[in-house]
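K.L.:
output the structure for:
(one chain, ligands or ions: 2)
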Amino acid sequence: MAAYILAIDQGTTSSRALLVRPDGSVAASAQQELPQHFPASGQVEQEAEDIFGTVLSCCRQALDKAGAAAADIAAIGITNQRETTLVWERATGRAIHRAIVWQDRRTADACARLEADGHGALVRARTGLVIDPYFSATKIAHILDAVPGARARAERGDLAFGTVDSFLLFRLTGGRVHATDATNAARTLLFDIHTGAWDADLLAVFGVPAALLPEVRDCAADFGVTDPALFGGPIVVRGMAGDQQAAMVGQACFAPGMVKSTYGTGCFALLNTGETPVASRNRLLTTIAYQIGGKRTYALEGSIFVAGAAVQWLRDGLRIIAQAGDSDRLAAGADETQDVILVPAFVGLGAPYWRPEVRGALFGLTRGTGPAELARAALESVCFQTCDLIDAMHADWPGAGAATVLRVDGGMTASDYTMQRLADLIGAPVDRPAEKETTVMGAAYLAGLSCGFFPPPEAFAARWRLDRRFAPAMTGEARQARLAAWRDAVGRLTA
Ligand SMILES: Nc1ncnc2c1ncn2[C@@H]1O[C@H](COP(=O)(O)OP(=O)(O)O)[C@@H](O)[C@H]1O
Ligand SMILES: O=P(O)(O)OC[C@H](O)CO
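P.N.:
Numbering: from 1, shown residues only. Ligands and ions are numbered 1, 2, ... in the order given. Alright, predicted model coming up:
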């Protein structure tokens, strides 16, 4: 039996590759930063060649470090930043425009027009999403309209659309496979999450030609074989899921009622609702958690656009910390009597507000406000936003003890201060697992499940280990006062 699964995580800020053994331990890993481009306010782009190049290089480095060859790899699993949109030439695999990243707001006006034209209800009913620039559909239409001749080429079938998973697969397989998985398809605004198929009405609403679209497969499925020239031999691709869904798998949130929240660039909380898609009455998203053996499991999702990005702002914008890890110590020294609130709407507000045009603000500044209070406000803003999501989840899913425990992961969970504050503010325990690489482990698991490398879900779930539980310690009175200050601040911006 081959020794490893090669798991790829193409995230917003970096690409990673891990070689995972059958017991879940990591034999080798590699990571590379991904350059970001900000051509104008609210615009975020990445070069397609950087996306593929960093992934390829990380895979090769991980193989080298472990002294492994293609024949030692049982399968590849891919997970990825979701919604980020690429359109490329089928003949060459070359993108015709930079990738438009999920955070990009340039299609806000187009979304407002679609909403005003009354398409919101149809979109919500079929996709479980809201019309927002976050998702892929308006980004695709933008590329087709911005690049001369692209729309006609798309209609002729010369071009392909994909989210990052699909683009990577196309390039890894030497242009032979144009496919995606149900979790990524569910983030495009073009996919009916109830039937599991692309939807002709939605394609017409968003002006996207069907000829662009990839085939949609299960998350644990046969996605073809890599070009032998890339790794010195062919490797099968057997797993694929959007990174937030992969984190849910990596956190073993397989039972309805289980919730995970991932704190990377943004924060994404997903509540497993089982085989039933729950329509949110509180502006959460309904999405596909995973699709295995043709069976779809659904989730309610709250998406926050700025989490770790607020810490990056402290570092790169305000320059009050040298590295992300310094924010903890600084925040811990903040004056508790100051009510400084940051609403980090740097790229608008996501769930449950969905206000792409709103921008960030600081409230409660005094002459005594300094770096410590700003650091605390940044870390706390992530906790406040999570509270909004958890409240909405409770309201949408009163059964099964939803959100009595929150499983967390992602780079920002290294901050003990933030995790404690999170437990205090949601008023529930926060569990940080021993396994730090839950997202990429989810991708590894999906690939390994479909080729017998890993055990069935129950056995995998039994391997989950706690690193630390953060128990709520704030008084109810203090908690309510902090939450009231947050709500007041958000209310002023969204009024
Ligand atoms: N010790 C820390 N304290 C606070 N934030 C942190 C810490 N370490 C990393 N981060 C934040 O976590 C984010 C990176 O997490 P990661 O899961 O790698 O993100 P992504 O998948 O979005 O690229 C960065 O935004 C960084 O600011
Ligand atoms: O790359 P991350 O971890 O910030 O995740 C991005 C999300 O998938 C966007 O929906």
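K.L.:
from the chain's centroid, how far away is stretch 239-251?
P.N.:
9 Å (Cα atoms, centre = their mean, to the nearest Å).
K.L.:
anything in that stretch near ligand 2?
P.N.:
Yes - using Cβ under 6 Å from any ligand atom, we find that stretch 239-251 touches ligand 2 at 242-244. For glycine as for every other residue, the C-beta is placed from the backbone atoms N, C-alpha and C.
K.L.:
residue ranges of each domain in this structure, please.
P.N.:
Using automatic domain parsing, the domain ranges for the chain come out as 4-243, 252-433+465-495.
K.L.:
now mean pLDDT and distance to Y445 too, for those, in a markdown table please.
P.N.:
Putting the domains of the chain into a markdown table (pLDDT from 0 to 100; distance: least, Cβ to Cβ, whole Å) gives the following:
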| stretch | mean pLDDT | distance to Y445 |
| --- | --- | --- |
| domain 4-243 | 96 | 7 |
| domain 252-433+465-495 | 92 | 9 |
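K.L.:
would TSV of those domains with mean neighbour count be doable?
P.N.:
As requested, the domains of the chain are exported to TSV (neighbours: other Cβ atoms under 10 Å):
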stretch	mean neighbour count
domain 4-243	21
domain 252-433+465-495	19
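K.L.:
go through those domains and name the closest to ligand 1.
P.N.:
Checking the domains of the chain against ligand 1 by Cβ to the nearest ligand atom gives domain 252-433+465-495 as the closest, at 2.2 Å.
K.L.:
how about the closest one and ligand 2, touching?
P.N.:
Yes - Domain 252-433+465-495 comes into contact with ligand 2 (Cβ under 6 Å from any ligand atom), by way of 264-266, 268.
K.L.:
pull up the distance across that domain, start to finish.
P.N.:
Domain 252-433+465-495 has an end-to-end distance of 39 Å (criterion: Cα to Cα, to the nearest Å).
K.L.:
stretch 446-456 now?
P.N.:
Terminal residues of stretch 446-456 lie 10 Å apart, using Cα to Cα.
K.L.:
outside of that stretch, which residues touch it?
P.N.:
1-2, 5, 7, 20, 22, 24, 74-77, 219-222, 236-241, 246, 249, 290, 292, 444-445, 457, 460 (Cβ atoms under 8 Å, 6 or more residues apart in numbering).
K.L.:
which ones among these lie within strands?
P.N.:
Counted as lying in strands by DSSP state E, out of the contacts of stretch 446-456, are 5, 7, 20, 74-77, 237-241, 290, 292.
K.L.:
from R487, how far out is I8?
P.N.:
Relative to R487, I8 is positioned 40 Å away (Cβ to Cβ, to the nearest Å).
K.L.:
go on, E49?
P.N.:
44 Å.
K.L.:
please apply the same query to A69.
P.N.:
In terms of Cβ to Cβ, A69 sits 57 Å off from R487.
K.L.:
for P22, phi and psi?
P.N.:
phi -60, psi -30 (degrees, to the nearest 10).
K.L.:
which parts of the protein sit against ligand 1?
P.N.:
With Cβ under 6 Å from any ligand atom as the criterion, the chain meets ligand 1 at residues 11-14, 264-265, 308-309, 311-312, 324-325, 327-328, 410-412, 414-415.
K.L.:
sitting in helices, which of these do you find?
P.N.:
Taking DSSP state H as the definition of helices, the residues of the chain next to ligand 1 contribute 308-309, 311-312, 327-328.
K.L.:
of those, closest to Q43?
P.N.:
A309 (15.0 Å; Cβ to Cβ).
K.L.:
didn't the closest one look like it was pressed against G266?
P.N.:
Yes - applying Cβ atoms under 8 Å, one finds A309 in contact with G266, separated by 6.8 Å.
K.L.:
A helix includes G174, no?
P.N.:
No - the assignment for G174 by DSSP: H, G, I helix; E, B strand; the rest coil gives coil, which leaves it out of any helix.
K.L.:
contacting residues around it?
P.N.:
Residues in contact with G174 (Cβ under 8 Å, 6+ apart) are 226-227, 229-230.
K.L.:
including distance to ligand 2 and secondary structure, could those go into TSV?
P.N.:
Formatted as TSV, the contacts of G174 follow (distance: Cβ to the nearest ligand atom, whole Å; DSSP: H, G, I helix; E, B strand; the rest coil):
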residue	distance to ligand 2	secondary structure
T226	23	coil
D227	26	coil
A229	29	helix
L230	23	helix
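K.L.:
tell me which two in these are the farthest apart.
P.N.:
T226 and A229 (8.9 Å).
K.L.:
all helices of the stretch 151-300 of the chain, in order?
P.N.:
Listed in chain order, the helices found in the stretch 151-300 of the chain under DSSP state H, counting those that start in this stretch are 164-172, 182-185, 200-206, 228-231, 243-250.
K.L.:
touching the first one from outside, list them.
P.N.:
So the one you mean is helix 164-172. Defining contact as Cβ under 8 Å, 6+ apart, one finds that helix 164-172 is touched by 8, 10, 48, 51-52, 55, 76, 78-82, 84, 86, 88, 93, 95, 99, 160, 162, 177-181, 184, 214, 223-224, 226-227, 230, 237, 240-242.
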